[in-house]
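kindly return the folded structure for what I paste below:
(chains A and B)
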Amino acid sequence: MIGVFHPGTSIVHRAPALVKLALLAAFVTAVALVGSLVWLAAASVVVLLLFVLARVPAPVALRQIVPILWVLAFAVPVQVVFGGWEAAAVMAVRLLVAVALAALYTLTTPVSATLDAMQALLRPFRRWIDADRVGLALALTIRCVPLLADLVREVMEARRARGAEGSLLALAVPVIVRALRTAEHLGEALTARGFDD
Amino acid sequence: MSGIVFEGVSHDFGAERVVDEVSLVLTERRIGIVGANGSGKSTLARMINGLVSPTTGRVLVDGLDVSRRAREVRRRVGFVFTNADNQIVMPTVREDVAFTLRRHRLEKADAAARVDATLERLGLTDLADRPAHRLSGGQKQLLALASVLVAEPEILVADEPTTLLDARNARLIARHFESLDQQLIVVSHQLELLESFDRVIVMEHGRVIADDVPAIALDAYRAVIA
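Prediction:
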């Protein structure tokens, strides 16, 4: 979600976010329940076809899926030892299908559409839940990931420049102080933009 | 009364007085505020948007008391911060500009048209679908400006908007400021930015020590920092 949206006009892009979220939930649940490799292979083909339909370039799609391959590189051998090769294959395909589908959602859906969908979902509960606030919290969570990544990178560079590479204290203290200051500034900016209640 | 009025305004930060008995009437179209670090200029600017409340005295914007009617005032007063990174909320440029309008309850088509027009005006159309956090410093500041201007405020306050920018990007932001119809209040250390303004206020230790046309006020500031 962190800036991976790939603009397009395909039917997958144009489908309402709520529909896509519902299908994503249904598909991932089905994949989690199915234990047959044949059915999982069929699900993989469906996911592949959806990527083709969405016209997402292969390198862009692969960038989203590669991180899970690192997890599988450790998890699959362990599963083979303790559960056999079939259990390992089922687990690997399940994970790949779920991550690929989630990636397809984020590649074809702007965050603002997800926020709108969330707010629509929460509207029946507006007596108890402030949908605007939940949407804002989600947007801020997404925003904080690159913000914190930049902050940690800058502090690590400063730590290296001071020759204190090994010091956990030289990393933790400035990161925490700057994160708190950033949170304060972000709050102030939101207030200035009218999100003050 | 239209314009911005400071009536005997002071602000204490703990035991320290950062703004001390300031009374001003700001009606000119482009006003600069200059002063050394800790002189109280940013606090003064923040009071216009209600981000900081006076300890004593009051601030009025078009007759509205900022402390009592902050929400109405914020619809009239846009605020641009020094570090645009702190102002960006949404992942892409277009979404961040549109984010401002979420509280304005506009029709979707109207909001989209306003966002497109603002992006066009600031030369950001080609970057509309780019990740906002991957823009250059100058582009981020333009985005911050767009996110404020899309709400069509009557007054724009900018707190050192060019401090983190290189000379070319600072000039670009300055050019955009010149083209604005809004009343503009700019806090800046970059004196050349303020030379063409209508009025410059110089602050020192929380007090206004000079308040004049730029040629005179900036000379007074240069004398203070010499």
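
burial count for B:E195?
By other Cβ atoms under 10 Å in any protein chain shown, 12 other residues sit near B:E195. (C-beta placed from N, C-alpha, C; glycine too.)

could I get the pLDDT score of it?
For B:E195, the pLDDT comes out at 91.

distance of it from chain A?
Separation of B:E195 from chain A (Cβ to the nearest Cβ, to the nearest Å) stands at 27 Å.

that residue touches B:V213, doesn't it?
No: using Cβ atoms under 8 Å, B:E195 is not in contact with B:V213, being 10.2 Å away.

quick one: name the residues of chain A near chain B.
Contacts of chain A with chain B, taken as Cβ under 8 Å from any Cβ of the partner chain, map to A:1-3, A:5, A:7, A:110-112, A:132, A:135, A:139-140, A:142-143, A:146-147, A:150, A:182, A:185-186, A:188-197.

just how off-centre is the helix or strand bottoming out on mean pLDDT in chain A within its chain?
Lowest mean confidence among the helices and strands of chain A (mean pLDDT, DSSP states H and E): helix A:131-161, at a mean of 82. Put simply, helix A:131-161 sits 14 Å off its chain's centre (Cα atoms, centre = their mean, to the nearest Å).

what's the first helix or strand after it?
helix A:169-192 (DSSP states H and E).

please name every helix or strand in contact with that next one.
In terms of contacts (3 or more Cβ pairs under 8 Å, 6 or more residues apart in numbering or on different chains; DSSP states H and E), helix A:169-192 is packed against helix A:131-161, strand B:77-80.

so for residue 136, what's the nearest residue that isn't a sequence neighbour?
Using chain A. Take A:L136 and drop its neighbours on the chain: the residue closest to it by Cβ to Cβ, 6 or more residues apart in numbering or on different chains is A:F195, 6.3 Å away.

think we crossed wires, I meant chain B
Closest to B:S136 by Cβ to Cβ, 6+ apart is B:N169, at 7.7 Å.

okay, angle between the least confident helix or strand of chain A and helix A:169-192 too, please.
150 degrees (axes from the mean of the first three to the mean of the last three Cα atoms, to 10 degrees).

all helices of chain B, in order?
Listed in chain order, the helices of chain B (DSSP state H) span B:41-49, B:70-76, B:93-100, B:108-121, B:137-149, B:167-178, B:191-194, B:214-225.

of the ones you listed, flag the one that's most buried.
Among the helices of chain B, ranked by average contacts under mean count of other Cβ atoms under 10 Å in any protein chain shown, first place goes to helix B:93-100 (a mean of 25).

averaged pLDDT, that helix. What do you get?
Helix B:93-100 comes out at a mean pLDDT of 90.

which elements pack onto it?
Counting contacts by 3+ Cβ pairs under 8 Å, 6+ apart, helix B:93-100 is packed against helix A:111-122, helix B:108-121, helix B:137-149.

near chain A, which residues of chain B show up?
Contact residues (Cβ under 8 Å from any Cβ) of chain B with chain A: B:49-51, B:70-71, B:74-75, B:78-79, B:81, B:83, B:85-92, B:95, B:98-100, B:102-103, B:129-134, B:147-148, B:151.

of all the residues in stretch A:133-149, which ones are buried?
The neighbour-count check on stretch A:133-149 (16 or more other Cβ atoms under 10 Å in any protein chain shown) flags A:134-136, A:138-140, A:142-144, A:146-147 as buried.

residue of chain B with the smallest distance to chain A?
Proximity of chain B to chain A (Cβ to the nearest Cβ) peaks at B:P131, 2.8 Å away.

tell me how far that residue lies from A:V145.
In this view, B:P131 and A:V145 are 11 Å apart by Cβ to Cβ, to the nearest Å.

just A:E165 next, same as before
For A:E165 relative to A:V145 (Cβ to Cβ), the value is 24 Å.

and if you look at B:L149?
27 Å.

what do you get for B:G138?
In terms of Cβ to Cβ, B:G138 sits 24 Å off from A:V145.

again, but for A:V97
Relative to A:V145, and taking Cβ to Cβ, A:V97 is found at 24 Å.

re the thing from before, who are the neighbours in contact with the residue nearest to B:S136?
By Cβ atoms under 8 Å, 6 or more residues apart in numbering or on different chains, the contact list for B:N169 reads B:136-138, B:141, B:162.

list the contacts for the residue nearest to B:G8 when sequence neighbours are not counted?
In this structure, B:G8 finds its nearest non-sequential neighbour in B:G57, 3.9 Å apart by Cβ to Cβ, 6+ apart. When contacts are counted by Cβ under 8 Å, 6+ apart, B:G57 touches B:6-10, B:21-23.

could you do B:D116 as well?
Neighbours of B:D116 in contact, by Cβ under 8 Å, 6+ apart: B:T125.

report pLDDT for it.
B:D116 is given a pLDDT of 95.

bridging residues for the residue lying closest to B:P214 once chain neighbours are set aside?
Excluding its sequence neighbours, the residue lying closest to B:P214 (Cβ to Cβ, 6+ apart) is B:V200, at 4.7 Å. B:V200 has the following beta-bridge partners by DSSP bridges: B:G32, B:D212.

I'd say B:V200 and B:R30 touch.
No: applying Cβ under 8 Å as the test, B:V200 and B:R30 come out as separate, 9.6 Å apart.

those two: which has the busier surroundings?
The residue with more neighbours, out of B:V200 and B:R30, is B:V200; 27 against 20, by other Cβ under 10 Å.

OK, contacts around the more buried one?
Counting by Cβ under 8 Å, 6+ apart, B:V200 touches B:31-34, B:194, B:210-214, B:217-218, B:221.

surely B:V115 and B:L149 touch.
No: taking contacts as Cβ under 8 Å, B:V115 lies outside contact range of B:L149: 10.6 Å.

do you know how far the closest residue to A:T109 other than its chain neighbours is from A:R63?
Excluding its sequence neighbours, the residue lying closest to A:T109 (Cβ to Cβ, 6+ apart) is A:A17, at 5.2 Å. The gap separating A:A17 from A:R63 is 22 Å, by Cβ to Cβ.

more crowded one of the two?
A:A17 (21 against 13).

and the more buried one, backbone torsions?
Phi and psi for A:A17, reported as degrees, to the nearest 10, are phi -60, psi -40.
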